[in-house]
Each structure stands twice: as structure tokens, then as C-alpha cells.
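[1] here are the coordinates; sequence isn't available:
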């Protein structure tokens, strides 16, 4: 699980391909996942699930399901790639979670208040321009805080594969219905796969 096919050359997708995939262009999504899948294995459903960050800055999350496997792909701002997959017949259980917006908003408010206080203290002891600079830096670093928040409060779908391995997909709140559709397809294909293999 989580290993690319032997000998496959992995490269970050071009910016235009990534932009198309973020609009759920099925051809672009198929091209991105194709470099990891065995030749001839076709994608049944693939989706863009959102960005872990703010203002479109962060790690973009994609997921796909074929007749044989569920796969996720995360692409960071600087081109980092994280691919995971699991054979459908080995899925033991699944979990979907979306944390409350209240806890996120309270966390962001707390972060901004602390950043403002620190900026004011630095500005008072030095120069007022440092207060302004501190506020700007705090606002620019806000997407990092959101990423930290979602590291502690998982949001998405987790499929547990045999022996405890996980296939995790981050989901934006507004794309939860799309994620539910992808999850249902995965479970239906899992049942079909078990019937083909003769599992009870």
C-alpha cells in the first residue's frame, strides 16, 4: 500500500493540468493518477476534495477509485507529492469525520489575538512599524495555522486496510457530498471485488 508501481517515474503535474484537475476535469484527474496505476486499470470515479490551507494556498487533495483500489493524491504548493492506495478487498473499516466550524473559528480567533498582542508588545518596545510588520506576518502565516489545526483535528475519509495501514483523504467542508459519493462508490466496488474473488 502507498507504493508506486516499480519503475514508474513520478513527477509533479504541470500548473495547467493541476488547475484543470481542481475543477474536477476527469481527463486531468485521470492523467494525474495514471502515473501510479498499472497499465490498463481505469478510474471509475475521481474527485478534487479541496485544499488544506486558506485562500487556495496549501496542499490540494484528490482521490480516485478503480475496480481494484482506492487511491489518494496530495500535492503541495511547492510540488511535493504524497500518493497512497489500498486494495479494496483489504479494507477493514472506514471513518468519515468533519470537525465543527466553531472549534476552527475559535482557534483562528485565539491565534489572531495572540499574534496581535505579541505584535503590539514588540512595537511598543521598539518601533510602531514592527507592530504593523508583525500583524502582516501573522496574517500571511494564517494558512499554516489552519494546516496545524487540521493536523490535530482530522477532516476527511480514512480507509483502514488490513494490518492497520490507512488511506486518508482530506476533505473541504463544501465538498463533503462529493466525498460521500466517492466513499459509496468505494464500498460498492469493494463488495463487487469480494464477490469476484469469492470472499464471503
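    Alright, I've got the coordinates. No experiment lies behind these values; they were computed from the predicted model shown.

[2] give me the domain ranges for the chain.
    Listed domain ranges for the chain are 15-90+156-197, 101-146 (source: automatic domain parsing).

[3] deepest of those domains, which one?
    domain 15-90+156-197 (a mean of 17; mean count of other CB atoms under 10 Å). No exception for glycine: its C-beta is placed from N, CA and C like everyone else's.

[4] now for the strand ranked longest in the chain, which elements pack on it?
    Determined from DSSP state E, the single longest strand within the chain is strand 43-54. Helices and strands touching strand 43-54, by 3 or more CB pairs under 8 Å, 6 or more residues apart in numbering; DSSP states H and E, are helix 26-34, strand 57-66, helix 142-152, strand 166-170, helix 176-197.

[5] of these, which shows the lowest average pLDDT?
    Ranked by mean pLDDT, the helices and strands packed on strand 43-54 bottom out at helix 142-152, with a mean of 77.

[6] and the angle for that one with strand 43-54?
    Here helix 142-152 runs at 120 degrees with respect to strand 43-54, directions being taken by axes from the mean of the first three to the mean of the last three CA atoms, to 10 degrees.

[7] ok, back up a step: quick one: which of the helices and strands packed on strand 43-54 is nearest residue 98?
    Distance to residue 98, taken as CB to CB, is lowest for helix 176-197 among the helices and strands packed on strand 43-54, at 6.1 Å.

[8] what does that closest one contact?
    Here helix 176-197 makes contact (CB atoms under 8 Å, 6 or more residues apart in numbering) with 24, 44-45, 47, 49, 63, 65-68, 70, 88-89, 91, 94, 96, 98, 156-157, 159, 169, 171.

[9] name the surrounding residues that touch the helix or strand of the chain with the lowest mean pLDDT.
    Lowest on mean pLDDT, DSSP states H and E among the helices and strands of the chain sits helix 142-152, with a mean of 77. By CB under 8 Å, 6+ apart, the residues outside helix 142-152 that reach it are 52-55, 57-59, 104, 107-108, 111-112, 170.

[10] can you do 10 Å?
    Outside helix 142-152, the residues within contact range by CB atoms under 10 Å, 6 or more residues apart in numbering are 51-59, 77, 99, 103-104, 107-108, 110-112, 115, 138, 155-156, 170.

[11] do stretch 107-117 as well
    Residues outside stretch 107-117 that contact it (CB under 10 Å, 6+ apart) are 54, 131, 134-135, 137-139, 141-142, 144-146, 148-149, 152-153.

[12] how far out from the middle of the chain is it?
    Its chain's C-alpha centre lies 26 Å from the corresponding centre of stretch 107-117 when counted by CA atoms, centre = their mean, to the nearest Å.

[13] and stretch 117-137, by the same measure?
    Here stretch 117-137 is found 35 Å from its chain centre; the criterion is CA atoms, centre = their mean.

[14] what is the rounded mean pLDDT of that stretch?
    Mean pLDDT, stretch 117-137: 82.

[15] kindly check the end-to-end length of that stretch for me.
    13 Å (CA to CA, to the nearest Å).

[16] cheers, nothing more for now.
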